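Visitor: give me a model of this one.
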Amino acid sequence: MSKLLVGIDLGTTALKIAVFDTAGKMQGSATLEYELYTPKPYFVESDPAVYMDAIQKGFEKLAGKGIDLMEVVAIGFSCQSETMFFVDENCKPLRNSISWMDNRAVEQSERLTAKYGDELCYEHTGQVSWGANWPMTKALWVKENEPEVFAKTKKILLIEDFIIWHLTGRYVADCAMLTSTLYWDITTKKYWQPMLDELGMTEDNFPEILEPGEVVGTVLPEMAQKLGINPAAKVCTGAMDNAIGAVGVGACRPGMFSESIGSTLAVCVPTDKIVYDPNRQMPVHYYPIKDTYMMHTFTSGGICLRWFRDNFCQYEMTCADMTGDDSYDLLTKQAMQTPPGAEGLSFLPHLSGSLAPDINPHATGVFMGITMVHKKGHFIRAIMESLGYLVRRNMDALADMGLEVDEIRAFGGGSKSPAWNQIKADILQKTICVTNSKEAACLGAAILAGYAVGIFDSIESACDSMIEVVARYEPDPAKRAIYDRGYEIYKRMQTDCAGLFEMVNGQ
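Guide: Residues are numbered from 1 along each chain as shown. I've put the predicted structure just below:
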């Protein structure tokens with residue numbers, strides 16, 4: 001029997017399941033979308049039931065494509081980070097899950113900042129501040145605003161923990177997922193007692209802690225039958241999607257920079273030790289390789305383009321449905337008919353606050369410079385360019401720490417667009433490399449699962465043998481001046497709008 005590895009990517013708006021052989025060749029994949037709810041400004045939630053439902057339908061699709069799921073030996077995960085669940089003693093959700101994008105806990109964030117200070121937060125958690133988007137602040141929000149829910153809560157879980165319980169019956173979390181919760185101490189790799197005290201909870205209210213890429217257990221018999229998979233398959237811990245996607249494109253050594261545009265935009269740079277930023281702009285996270293760390297930030301990314309498409313591009317979506325084209329390709333064609341710099345139109349891509357290195361939970365999206373000359377293509381290009389500027393802003397912050405970028409590897413939905421890759425290369429004035437990795441986050445999850453069950457000797461060796469660069473996008477020096485100016489405008493917009501953000505949000 002051949003051995004197959006499954007990587008499950010639990011994204012913000014869609015789930016992807018991909019099956020790989022041990023040489024890294026993808027045998028098949030399935031994608032299922034689900035919806036988010038925004039009941040109030042800065043509130044972002046989801047129905048907890050959609051995730052296991054999507055996993056079941058995903059396996060059904062794979063079986064329908066002729067993949068023998070009895071050959072699956074290990075399952076790994078790539079997960080949206082910070083999305084959290086409040087469950088009772090039977091792991092039944094007591095409310096909707098709260099998305100990582102949610103920024104409701106501003107008051108709690110400000111109170112923790114006043115009590116503990118950002119420096120202590122950075123020292124123990126690696127996160128630069130008590131952000132309103134982190135699970136600790138949102139757990140306090142639930143405690144204070146939904147006391148009946150909090151009183152019944154037996155476990156606070158992240159999305160990977162929730163799914164692993166359904167598959168194995170075991171409560172487990174991994175260090176790479178816990179790294180941004182603020183209730184986990186990056187220096188001890190244990191839950192941070194002062195935060196447990198703030199919540200009035202103990203370690204029993206949280207899952208057992210494992211490393212990324214460890215075997216949790218075998219799939220429960222009834223779950224294996226329901227999903228139609230091998231009942232002997234091992235369920236393994238994974239990591240947050242952006243970090244594990246970096247593994248999936250081979251960016252697993254210091255100096256290798258990965259950037260991903262999916263629903264989020266994320267950058268990751270691995271380091272072999274904890275490196276603190278003296279300016280406290282860049283957070284430190286735990287990497288999917290044991291005792292390896294990374295500088296990592298993320299914020300709203302491709303979801304900005306999806307928001308624009310869904311709300312202003314019904315014509316393109318209808319045409320795509322009729323012709324079988326991709327609606328994003330139709331948008332990109334309009335953007336490429338627009339000059340670099342979008343003829344003075346600029347965009348801030350902060351549809352749900354902004355994170356490091358310019359943390360501001362009040363930040364919103366902003367179009368600047370609109371004139372009569374601007375058409376739909378200008379707005380599309382401005383959105384695409386804004387994410388290139390955001391990557392450049394992160395690279396500047398890393399350079400200030402002495403972390404120079406030797407190589408950039410791109411993945412995520414944005415990397416599938418040659419036009420977008422070229423825009424980023426021109427803005428960064430660095431080569432963008434795209435690998436042969438299909439569904440990089442799923443592949444990274446499969447690599448970790450294969451390592452966990454002993455198929456691979458190391459994660460690095462698995463990357464070296466399974467991943468290669470297949471496309472390079474070289475920067476155009478002629479566009480440097482245009483984008484240098486655009487980048488300066490982007491930074492000025494970020495700082496000059498700070499006060500307006502608070503006025504817009506009634507602060």
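
Visitor: hey, let's count contacts and neighbours off CA atoms from now on
Guide: Noted.

Visitor: which ones are touching F501?
Guide: H362, A363, T364 (Cα atoms under 8 Å, 6 or more residues apart in numbering).

Visitor: buried only: go through these for me.
Guide: Buried members of these, counted by 16 or more other Cα atoms under 10 Å: H362, A363, T364.

Visitor: I'd like those laid out as JSON lines, including secondary structure and pLDDT.
Guide: Below are the buried ones among the contacts of F501 laid out as JSON lines (DSSP: H, G, I helix; E, B strand; the rest coil; pLDDT from 0 to 100):
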{"residue": "H362", "secondary structure": "coil", "pLDDT": "90"}
{"residue": "A363", "secondary structure": "coil", "pLDDT": "94"}
{"residue": "T364", "secondary structure": "coil", "pLDDT": "95"}
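
Visitor: still on that earlier bit, so which of the contacts of F501 comes closest to G377?
Guide: T364 (21.4 Å; Cα to Cα).

Visitor: the closest one touches L351, doesn't it?
Guide: Yes: the criterion here is Cα atoms under 8 Å, and T364 meets it with L351 at 5.2 Å.

Visitor: mind listing the strands the helix or strand containing A266 pairs with, and their directions?
Guide: Element membership for A266, per DSSP states H and E: strand 264-271. Strand 264-271 pairs in its sheet with strand 256-261 (antiparallel), strand 293-300 (antiparallel), by DSSP bridges.

Visitor: export the ones you listed to JSON lines and tack on distance to K92 and mean pLDDT?
Guide: Below are those laid out as JSON lines (distance: least, Cα to Cα, whole Å; pLDDT from 0 to 100):
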{"stretch": "strand 256-261", "distance to K92": "33", "mean pLDDT": "90"}
{"stretch": "strand 293-300", "distance to K92": "30", "mean pLDDT": "86"}
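
Visitor: including mean neighbour count and distance to T153, could those strands go into TSV?
Guide: Compiled in TSV, the strands paired with strand 264-271 are given as follows (neighbours: other Cα atoms under 10 Å; distance: least, Cα to Cα, whole Å):
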stretch	mean neighbour count	distance to T153
strand 256-261	25	35
strand 293-300	24	29
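
Visitor: these: which one's closest to Y34?
Guide: Relative to Y34, the nearest member of the strands paired with strand 264-271 by Cα to Cα is strand 293-300, separated by 17.6 Å.

Visitor: which residues touch the following helix or strand past that closest one?
Guide: Using DSSP H and E, the helix or strand that follows strand 293-300 towards the C-terminus is helix 302-312. Around helix 302-312, the neighbours that count as contacts under Cα under 8 Å, 6+ apart are 261-265, 317, 328, 331, 349, 351, 380, 383-384, 413-414.

Visitor: could you redo the last one with a cut-off of 6 Å?
Guide: Contact with helix 302-312 is made by I261, G262, S263, T264, as judged by Cα atoms under 6 Å, 6 or more residues apart in numbering.

Visitor: can you check stretch 68-80 too?
Guide: Under Cα under 6 Å, 6+ apart, the answer for stretch 68-80 is 3-11, 229-230, 233-236, 238-241, 441, 445-446, 449.

Visitor: got the buried residues for it?
Guide: Within stretch 68-80, judged by 16+ other Cα under 10 Å, the buried ones are L69, M70, E71, V72, V73, A74, I75, G76, F77, S78, C79, Q80.

Visitor: quick one, phi psi at the third one?
Guide: So the one you mean is E71. Dihedral angles of E71 (phi, psi; degrees, to the nearest 10) stand at phi -90, psi 0.

Visitor: how near is it to G58?
Guide: Per Cα to Cα, to the nearest Å, E71 is found 16 Å from G58.

Visitor: same thing with the last one?
Guide: Q80 sits 18 Å away from G58, taking Cα to Cα as the criterion.

Visitor: then G200?
Guide: Distance from G200 to G58, by Cα to Cα: 39 Å.

Visitor: P212 now?
Guide: Plainly put, P212 is 23 Å away from G58 if you go by Cα to Cα.

Visitor: okay, these two: which has more neighbours?
Guide: P212 (28 against 22; other Cα atoms under 10 Å).

Visitor: surely the more buried one meets P288?
Guide: Yes: between P212 and P288 there is a contact under Cα atoms under 6 Å: 5.4 Å.

Visitor: touching both of these two, which residues are there?
Guide: With Cα under 6 Å, 6+ apart as the test, P212 and P288 both reach A239.

Visitor: hmm, what's the outermost residue in the chain?
Guide: Relative to the C-alpha centroid of the chain, counting by Cα atoms, centre = their mean, M372 is the outermost residue, at 36.6 Å.

Visitor: show me what counts as buried in the top helix by length along the chain.
Guide: The residue-count maximum for a helix in the chain (DSSP state H) belongs to helix 376-400. By 16+ other Cα under 10 Å, the buried positions in helix 376-400 come out as 377-398.

Visitor: rewinding a little: out of the contacts of F501, which comes closest to N505?
Guide: Using Cα to Cα, the contacts of F501 come closest to N505 at H362, 6.7 Å.

Visitor: now the phi/psi pair for the closest residue to Q429 other than its chain neighbours, please.
Guide: Leaving aside its sequence neighbours, Q429 sits nearest to P475 (Cα to Cα, 6 or more residues apart in numbering; 5.0 Å). Taking degrees, to the nearest 10, you get phi -70, psi 150 for the backbone angles of P475.

Visitor: run a quick check on P475 versus I427, I expect a contact.
Guide: No: P475 is beyond contact range of I427, at 7.8 Å (criterion: Cα under 6 Å).

Visitor: returning to what we had before: quick check: the residue farthest from the centre of the chain vs P340, distance?
Guide: Look at M372 and P340: by Cα to Cα, they are 18 Å apart.

Visitor: next one: I489
Guide: Going from I489 to P340 by Cα to Cα gives 14 Å.

Visitor: again with E385
Guide: 9 Å.

Visitor: P475 and I427: who's more crowded?
Guide: For P475 versus I427, neighbours defined as other Cα under 10 Å are more numerous around I427 (30 against 20).

Visitor: rewinding a little: out of the strands paired with strand 264-271, flag the one nearest V87.
Guide: For V87, the closest of the strands paired with strand 264-271 is strand 293-300, at 27.1 Å, according to Cα to Cα.

Visitor: any idea of the angle the closest one forms with helix 376-400?
Guide: Orientation of strand 293-300 against helix 376-400 (axes from the mean of the first three to the mean of the last three Cα atoms, to 10 degrees) gives an angle of 160 degrees.

Visitor: which parts of the stretch 101-250 of the chain are strands?
Guide: 155-158, 172-174, 184-185, 190-191, 208-210, 215-218, 234-236, 239-240 (DSSP state E, counting those that start in this stretch).

Visitor: pairing partners for the last one, with directions?
Guide: Applying DSSP bridges to the sheet, strand 239-240 is found paired with strand 72-79 (parallel).

Visitor: and the pLDDT for P361?
Guide: On the pLDDT scale, P361 is placed at 83.

Visitor: an error on my part: the question was meant for D400.
Guide: pLDDT for D400: 86.
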